[in-house]
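Student: build me a structure from this.
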Amino acid sequence: MVGAILVTGADLLGRIGAGPIELPVGVVAGLLGGPFLLWLLMRPESYGAS
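Tutor: Numbers count the residues shown, from 1 in each chain. Coordinates of the predicted model:
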């Protein structure tokens, strides 16, 4: 469900947010998902440590 919402939102942003040109869905999804992936990789592993 979250993936469908992400792709739909990325398509909407690509069509409306770029003005007269239309951005591909993959570009917008990458711009949204890239920082999230970096956050997942950089967060400290706090679970399991007592």
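Student: need the pLDDT of the residue lying closest to residue 28 once chain neighbours are set aside.
Tutor: Counting by CB to CB, 6 or more residues apart in numbering, residue 28 lies nearest to residue 10, which is 4.0 Å off, once chain neighbours are set aside. The C-beta positions use only the backbone N, C-alpha and C, and glycine is treated the same way. Note on residue 10: pLDDT of 89.
Student: element containing residue 33?
Tutor: In this structure, residue 33 sits in helix 25-42 according to DSSP states H and E.
Student: quick one: contacts for residue 34?
Tutor: Under the criterion of CB atoms under 8 Å, 6 or more residues apart in numbering, residue 34 has no neighbours.
Student: ok, now how distant is it from residue 20?
Tutor: Here the criterion is CB to CB, to the nearest Å. By it, residue 34 lies 25 Å from residue 20.
Student: next: residue 38.
Tutor: For residue 38, the distance to residue 20 - CB to CB - is 31 Å.
Student: the more surrounded of the two?
Tutor: More crowded of residue 38 and residue 20, by other CB atoms under 10 Å: residue 38, with 10 against 4.
Student: what pLDDT does the more buried one get?
Tutor: 90.
Student: low-confidence ranges in the protein?
Tutor: 46-50 (pLDDT under 70).
Student: and residue 32, how many neighbours?
Tutor: So residue 32, with other CB under 10 Å, has 13 neighbours.
Student: please disregard the earlier target; I meant residue 39.
Tutor: What residue 39 shows, counting by other CB under 10 Å, is a neighbour count of 9.
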